[in-house]
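Asks: just to be clear, the model below is a prediction. Sequence and coordinates:
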Amino acid sequence: MLEIRNLTVAYGSRVVLQDISLNIMPGQILAVIGPNGAGKSTLVRSVSGVLPVSGGTVMIGTRPLHTLSANQRARCLAVVPQARQLPGAFTVYETILLGRTPYLGWLGKSGSQDHEQAAWALRRTRLTELAGRKVSELSGGEQQRVLLARALAQAAPVLLLDEPTTHLDLQHQAGLLNLLRELALERQLAVLIVLHDLNLAGLYADQVALLVDGRLQALGSPKEVLTSRNLTAVFHVPIDVIPHPAYGTPLVLPDGVANLPARRPLPVSL
Amino acid sequence: MTRNRLSPYFLNGLLLALALLASVAIGAVYIAPGMVLRIFWAQIPGVDVGMAGLETAVTIILQVRLPHTVLVALTGAALAGSGAAYQGLFRNPLADPYLIGVASGAGLGAVIAMSRSWPTTWLGLYAVPVAAFLGAVITIIIVYNLAKTGATLQTTTLILAGVAVSSFATALTSFLMLRSNAELRRALGWLLGGSLLSGWTPVLAMLPYVTIGLLLLLTTGHALNVLQFGDDQAQQMGLNVERTKRLLLIAASLTTAAAVAFSGIIGFIGLIVPHVVRMIWGPDYRRLTPLSILGGATLLLLADILARVALAPQVLPVGVVTALAGAPFFLWILYRAKTKVTW
């Protein structure tokens, strides 16, 4: 569904992504992991057509991305950015309905089908009761769901998410990724998600891509990529990987503690 | 809930109609609104009301006050409409044609054109707004590029760049005016917000620019809504961002330039009106732009009436009145922005 072939992106003479090739089938989730500055967000921006590509192609189905207009592209591919980039004054419903933009004319007149799609997205992300609230009044987790709902209303077969869990607490992280898992299967979406948390990548992704300095260091199943050897080399701290007690998926444990002086008990003063 | 009972368009339309009527009625000689309406009624072909003995009143109204009133209303509509567009385009609640320097740039363009040919001929009359438009577009491009740091546009840098460029343009304008003949000195009054010419001529000259500019801006409501998410997201939502911004910039600058070319530099209307409309009727630009246009015409008419009666028989430049009322409002917005950041 989403096929990235030898993608290269450069700012002037500085190459920020080099020769990236990825393939995501419908219903599959691919997690992109890597240290800060590895080019993860650049990957999302270039695949979504915001950043010009210096080499390679991005295919959505049978159509090359660069031949599509912004409008056509938005029908094929929706993006969930980080929640702090939301204008606060629109209501939840207004924001989600704006996800229908690629299907509306210049004047933005929405029809019954657009409202149906928006209502569905609202229900699916459990936001129906907040529909009339201003976005600024919501919590970070709710705002992130609004962005997901907006992307769902866009009804595109490919979904890109840029670190959607970064500012969420544990409960909302799991909630969002469970929902994403369901939606990927239910709507046969091809999902590319940038994740900071390696354990979440191990738990939810079908494929993991490890990005380092703009290059694809490793690509494969979580078990193949999330190994002690791969991660220790990339993150420059000793990292242990053990199987998850319930699912057998890799659990990542940074292990730098041994090198530090022994932890002293905190002084107790009452 | 109560606010939905009265359509905001009806309310604003009604206020504008009352302001128009008051503006025509009030002046050196007060003419009762009933009489004004009767005179209008008599102008409809085939209606015979009997205007004997009222010739002076008819002349005052049709040849002096009505054209002046229409010019003021068009100017207010243009300033508030373009103010709303600039605020949406820059995603900045303080973007106003005056504060970001566009008005001064347009003023400089207009003065350059006037120093070549005083707008007594029709050619001159049409050259002034074109020069003002060029001045406005050049200014906005300079200010935008000065204010942009990376991909973001900060409120403070936008206003700072606007003030700096505006001061420069104003200095050049003053220089040109002092250097030139006596005719241009008369333009000082214009620059502070007074009409340059009286009668229907400036109205007819201004009308096409304002109409085209505002009609274009009225179509951009949805696009402005999408732009509020920032360039990246707007593009990912399917908007052709570059084309949209170019259209907004041209339409808003055209509208501002027309206002400046015929009514001088009038500040704060483009700031106050969209702000108040947003506070009352929300951020949706499909409603914000048309309501700002109506409200801008109303507010400038009221300011103009005040300018005419405050020190009668002397007439104050309307720009003085809007600045006296607008500057404190601006400070209030700044104060409010410190405590609350939703807009």
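Replies: Structure received.

Asks: from here on, contacts and neighbour counts on C-alpha atoms
Replies: Fine.

Asks: which of the residues in the helix or strand hosting residue A:240 are buried?
Replies: Assigned by DSSP states H and E, residue A:240 belongs to strand A:239-243. Neighbour counts over strand A:239-243 (16 or more other C-alpha atoms under 10 Å in any protein chain shown) mark A:239-241 as buried.

Asks: pLDDT below threshold where in the chain?
Replies: With no chain named, the answer covers chain A. Chain A contains residues with pLDDT under 70 at A:83, A:256-270.

Asks: chain B is the one I meant
Replies: Within chain B, the ranges that satisfy pLDDT under 70 run B:1-5, B:49-52, B:117-124, B:150-153, B:155, B:181-186, B:195-196, B:337-343.

Asks: quick check: the residue of it nearest chain A.
Replies: With C-alpha to the nearest C-alpha as the measure, the residue in chain B that lies nearest chain A is residue B:238; the distance is 4.0 Å.

Asks: check contacts around that residue.
Replies: For residue B:238, the residues meeting the contact criterion (C-alpha atoms under 8 Å, 6 or more residues apart in numbering or on different chains) are A:70-75, A:101-102.

Asks: mind giving me the packing neighbours of the strand holding residue A:240?
Replies: In this structure, strand A:239-243 makes packing contacts with helix A:228-235, strand A:250-254, judged by 3 or more C-alpha pairs under 8 Å, 6 or more residues apart in numbering or on different chains; DSSP states H and E.

Asks: close to chain A: what parts of chain B are there?
Replies: Taking C-alpha under 8 Å from any C-alpha of the partner chain as the criterion, chain B approaches chain A at residues B:219-223, B:226, B:228-230, B:232-233, B:235-240, B:282-284, B:342-343.

Asks: re the thing from before, turn the helices and strands packed on strand A:239-243 into TSV, including mean neighbour count and distance to chain B.
Replies: As requested, the helices and strands packed on strand A:239-243 are exported to TSV (neighbours: other C-alpha atoms under 10 Å in any protein chain shown; distance: least, C-alpha to the nearest C-alpha, whole Å):
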stretch	mean neighbour count	distance to chain B
helix A:228-235	16	29
strand A:250-254	19	33
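
Asks: need the ones you listed in CSV with distance to residue B:91, can you?
Replies: Conversion of those to CSV gives the following (distance: least, C-alpha to C-alpha, whole Å):
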stretch, distance to residue B:91
helix A:228-235, 39
strand A:250-254, 42
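
Asks: filter the residues of chain B next to chain A down to the buried ones, PyMOL style.
Replies: This is the PyMOL syntax for the buried subset of those, where burial follows 16+ other C-alpha under 10 Å:
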select buried, chain B and resi 219+220+221+222+223+226+228+229+230+232+233+235+236+237+238+239+240+282+283+284+343
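
Asks: count the neighbours of the nearest residue to residue B:261 once chain neighbours are set aside for me.
Replies: With C-alpha to C-alpha, 6 or more residues apart in numbering or on different chains as the measure, residue B:129 is the residue that lies nearest to residue B:261, at 5.2 Å, once sequence neighbours are left out. Around residue B:129 sit 28 other residues, with neighbours defined as other C-alpha atoms under 10 Å in any protein chain shown.

Asks: right, and residue B:129 touches residue B:108 too?
Replies: No: under the criterion of C-alpha atoms under 8 Å, residue B:129 makes no contact with residue B:108, lying 11.1 Å away.

Asks: out of the contacts of residue B:238, which are inside helices?
Replies: Per DSSP state H, helices hold the following members of the contacts of residue B:238: A:70-75.

Asks: now rank these by neighbours and give me the top one.
Replies: Of all the ones in helices among the contacts of residue B:238, residue A:74 has the most neighbours under the rule other C-alpha under 10 Å, reaching 29 neighbours.

Asks: how about the stretch 151-270 of chain A: which residue is closest to chain B?
Replies: Across the stretch 151-270 of chain A, the shortest distance to chain B (C-alpha to the nearest C-alpha) belongs to residue A:154, at 7.7 Å.

Asks: you'd agree that residue is up against residue A:100?
Replies: Yes: applying C-alpha under 8 Å, one finds residue A:154 in contact with residue A:100, separated by 5.2 Å.

Asks: tell me, what's touching those two both at once?
Replies: Counting by C-alpha under 8 Å, 6+ apart, the residues touching both residue A:154 and residue A:100 are residue B:237.

Asks: how about the strands in chain B?
Replies: Counting by DSSP state E, one finds strands in chain B at the ranges B:148-149, B:152-153.

Asks: parallel or antiparallel, list what pairs with the first one.
Replies: I take that to be strand B:148-149. Strand B:148-149 has the following strand partners under DSSP bridges: strand B:152-153 (antiparallel).

Asks: who are the contact partners of residue A:254?
Replies: Taking C-alpha under 8 Å, 6+ apart as the criterion, residue A:254 is in contact with A:237-240.

Asks: need the residues you listed in JSON lines (columns: distance to residue B:85).
Replies: Compiled in JSON lines, those are given as follows (distance: C-alpha to C-alpha, whole Å):
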{"residue": "A:237", "distance to residue B:85": "52"}
{"residue": "A:238", "distance to residue B:85": "54"}
{"residue": "A:239", "distance to residue B:85": "53"}
{"residue": "A:240", "distance to residue B:85": "55"}
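
Asks: ok, so of those, who is nearest residue B:84?
Replies: Within the set of the contacts of residue A:254, residue A:237 lies nearest residue B:84; the separation is 52.7 Å, counting by C-alpha to C-alpha.

Asks: does that closest one fall in a helix, a strand, or a coil region?
Replies: Residue A:237 carries the three-state label coil when classified by DSSP: H, G, I helix; E, B strand; the rest coil.

Asks: would you map the helices across the stretch 1-150 of chain A?
Replies: For the stretch 1-150 of chain A, helices defined by DSSP state H, counting those that start in this stretch occupy the ranges A:40-47, A:70-76, A:92-97, A:112-124, A:140-153.

Asks: just checking, residue B:111 touches residue B:173?
Replies: Yes: in this structure, residue B:111 sits in contact with residue B:173. The criterion is C-alpha under 8 Å, and the distance is 6.6 Å.

Asks: more neighbours, these two?
Replies: Neighbours per residue, other C-alpha under 10 Å: of residue B:111 and residue B:173, the larger number sits with residue B:111, 26 against 22.

Asks: distance of that one relative to residue B:131?
Replies: Residue B:111 sits 9 Å away from residue B:131, taking C-alpha to C-alpha, to the nearest Å as the criterion.
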